[in-house]
Every structure is written in structure tokens, then in C-alpha cells.
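Engineer: missing the sequence, but the structure's below:
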């Protein structure tokens, strides 16, 4: 797998992004932007930790959320 990471980093990055969005969608789907507040995000973090997600994974997911909200604000 390490060999493949060197050959196709964009492919793996796209896969990570898709997985991040999958988890975010599962939790936040149906919420309006004003409903995504600090309490909801903290609850999301707790849920992901209980599911066994690594801190780095959660950070990537939160980065994806931040990016989505930034794009939506434009």
C-alpha cells in the first residue's frame, strides 16, 4: 500500500475525503447551517471517539466540514 500512496496520492486523498463526508453526512444530514454549532460539533467528536476513530481522522473530518461551510458561505 505504501508503494501505491507514492504513485497515486490524489487517489488516496479523494478516498479520505469521501470517507470524511460519509461520516459527516450520517451525523449532520438534515441540519441547517445555524444548527451546526459548537455543542453539535463536540457531540460529533464524542460519537466518533466512541466509534474508535483516531484523533487525526476526526481532525480531517472537521477540516472537511469547515471547508464545506466556507464554500457554502460564498
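Structural biologist: Nice, thanks for sending it over. Just so you know, these numbers come straight off a predicted model, no measurement behind them.

Engineer: how about the helices of the chain, start to end?
Structural biologist: Counting by DSSP state H, the chain has these helices, from start to end: 2-7, 9-28, 38-50, 55-73.

Engineer: So which bits of the longest one are buried?
Structural biologist: Neighbour-count burial for helix 9-28 flags 20, 23-24, 27-28 (criterion: 16 or more other C-beta atoms under 10 Å). C-beta coordinates here come from the backbone N, C-alpha and C atoms, glycine included.

Engineer: List the contacts of that helix.
Structural biologist: Outside helix 9-28, the residues that touch it by C-beta atoms under 8 Å, 6 or more residues apart in numbering are 4-5, 36, 40, 44, 47-48, 53, 60-61, 63-65, 68.

Engineer: what about stretch 49-62, start to end distance?
Structural biologist: 13 Å (C-alpha to C-alpha, to the nearest Å).

Engineer: can you give me how far that stretch is from the chain middle?
Structural biologist: 8 Å (C-alpha atoms, centre = their mean, to the nearest Å).

Engineer: same question for it, mean pLDDT?
Structural biologist: Stretch 49-62 shows an average pLDDT of 95 in the prediction.

Engineer: mind listing what's buried in it?
Structural biologist: So for stretch 49-62, counting by 16+ other C-beta under 10 Å, buried means 53, 57-58, 60-62.

Engineer: same thing with stretch 67-74?
Structural biologist: Those buried within stretch 67-74 under the rule 16+ other C-beta under 10 Å are residue 68.

Engineer: From the chain's centroid, how far away is that stretch?
Structural biologist: On C-alpha atoms, centre = their mean, the centre of stretch 67-74 falls 14 Å from that of its chain.

Engineer: Other residues contacting that stretch?
Structural biologist: 21, 24, 33, 36.

Engineer: could I get the residues you listed as a markdown table with distance to residue 74?
Structural biologist: Listed next are these as a markdown table, based on distance: C-beta to C-beta, whole Å:
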| residue | distance to residue 74 |
| --- | --- |
| 21 | 18 |
| 24 | 19 |
| 33 | 13 |
| 36 | 17 |
